[in-house]
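1. Structure for the following, please:
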Amino acid sequence: MASRSTTSMRSIFRNATSRRLISTRAKPSVPNPNFTSPRFNTSSRTEGSVPRFLRRPFHSLVAAACPVSKLFSDVTSYEGRSSSVSMYIQYSTSAPTRSLRRRISNRKKMSMKPVLNESKFQETISKLPPRFTPEELADAITLEEDPFLCFHLFNWASQQPRFKHENCSYHIAIRKLGAAKMYKEMDDIVNQVLSVRHIGNENLYNSIIFYFTKAGKLIRSVNIFRHMVTSKNLECRPTIRTYHILFKALLGRGNNSYTSHMYMETVRSLFRQMVDSGIEPDVFALNCLVKGYVLSLHVNDALRIFHQMSVVYNCQPNSFTYDYLIHGLCAQGRTINGRELFNEMKGKGFVPNGKSYNSLVNALSLSGEIDDAVKCLWEMIENGRLVDFITYKTLVDESCRNGKYDEATRLLEMLQEKKLVDRDSYEKLVNVLHKDM
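-> This next block holds a predicted model:
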């Protein structure tokens, strides 16, 4: 009777101990290999009631390459339950917060920060005259190849008595840092420029806007532009080159018709502001409008600007103007208008680019004008323009669709004979031909 009571008490104590070790409600989590739970200490009084695999420290389990699922199945079989279990651990398995990710990123950037070459720095300083001028400092920065050393040289000069930076020293330092993509250091110098009223000119601010647009900081670029517009210093006012930089940056941001339409509103507002301020637009600015309207699928507005170029703005369209319009018209299936501009362009002595040729060949093929498409294709090859695979595939596919299998076969043979396509592209085109036959 006493032995039965002792056995029952041991069973109750063993179950209570294992319940404290194992939670059936918590979610499965990965144990920390560097953490050994004090509950698994082999010197515990409950050593005889804890299985061997629980007495082993966590790092020995990981070293033995024991899967977590195997560990859980062992615990479950020991308890005689089929529910999911997990071990209590002191680390969270949730995703890191945004602030933690930012701190980790800043730590990485700090570890990758360049180190100043002290000997080279002192050598550069020793070459400067005792009372150097901003022009002499600008020459020293120009000759130095290390942009990080240039930044420290600029800051060292700022601390020298009776020395003040001028436009030339600010400008060369910003160009050095911007070309090296050290935008944070460049921003520090830009803030110094903005804090001094009499400092700055159109070239300096244009360089600031250019490098900020290269860094993708459009808001910062627009703020610099507003500072130029409101500046009382007439040398800081925007010129046609300032608008060129902003137009190019805004048009390069759109990767689909919707985003191009959104940025096109800003381009149109800037263009109107440029005209209102008395700056006459040139062909580059007008081409930016044409390109923006084409990218945002407003081809009629692009044609309107095209017809106003010589009448209103006294500018003649160039090859880029025609290329943008031909591509936009052919993309909308307006093949007749695209061909008219194509012929007008060649009549003026311009050679269409590859995008215009590819667009026209695709449009002619899709409209069923296979002979004209093939003729345009060979003209494109003679002018040295690159034909993409989509153009070849569309021409072969539409030729077969219109029952011109012989023409498609002859085209493939000539392409292979003149080695205009590689082997993989040729095999794909042959598969297209056999599939449609």
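2. Tell me the buried residues in the helix or strand where M309 lies?
-> Applying DSSP states H and E as the criterion places M309 in helix 299-311. Neighbour-count burial for helix 299-311, counted by 16 or more other C-beta atoms under 10 Å, picks out V299, D301, A302, L303, I305, F306, M309. Any C-beta I mention is one placed from the backbone N, CA and C, and that applies to glycine too.
3. Please report phi then psi for the residue nearest to G354 when sequence neighbours are not counted.
-> Nearest non-adjacent residue to G354, counting by C-beta to C-beta, 6 or more residues apart in numbering: R385, 4.2 Å away. The phi and psi torsions at R385 (degrees, to the nearest 10) take the values phi -90, psi 150.
4. So what's the residue count around F154?
-> Counted with other C-beta atoms under 10 Å, the neighbours of F154 add up to 24.
5. Dump the helix or strand following the helix holding M309 to PDB, restricted to CA.
-> Once the chain leaves helix 299-311, the next helix or strand it forms, by DSSP H and E, is helix 319-331. The C-alpha trace of helix 319-331 is given here as PDB (Å, rounded to 0.1, in the frame of the first residue of the first chain):
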ATOM      1  CA  SER A 319      14.600  64.200 -84.900                       C
ATOM      2  CA  PHE A 320      13.700  63.600 -81.200                       C
ATOM      3  CA  THR A 321      10.400  65.400 -81.700                       C
ATOM      4  CA  TYR A 322       9.400  63.100 -84.600                       C
ATOM      5  CA  ASP A 323      10.600  60.000 -82.800                       C
ATOM      6  CA  TYR A 324       8.500  60.700 -79.700                       C
ATOM      7  CA  LEU A 325       5.400  61.400 -81.900                       C
ATOM      8  CA  ILE A 326       5.800  58.400 -84.200                       C
ATOM      9  CA  HIS A 327       6.200  56.100 -81.200                       C
ATOM     10  CA  GLY A 328       3.100  57.600 -79.500                       C
ATOM     11  CA  LEU A 329       0.900  57.400 -82.600                       C
ATOM     12  CA  CYS A 330       1.900  53.800 -83.500                       C
ATOM     13  CA  ALA A 331       1.400  52.700 -79.900                       C
END
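6. Check which helices and strands helix 319-331 is in contact with.
-> In this structure, helix 319-331 makes packing contacts with helix 283-295, helix 299-311, helix 335-347, helix 354-366, judged by 3 or more C-beta pairs under 8 Å, 6 or more residues apart in numbering; DSSP states H and E.
7. Would you mind saying which of these lies nearest L116?
-> helix 283-295 (41.3 Å; C-beta to C-beta).
8. Report all helices and strands that the closest one contacts.
-> helix 240-251, helix 257-276, helix 299-311, helix 319-331.
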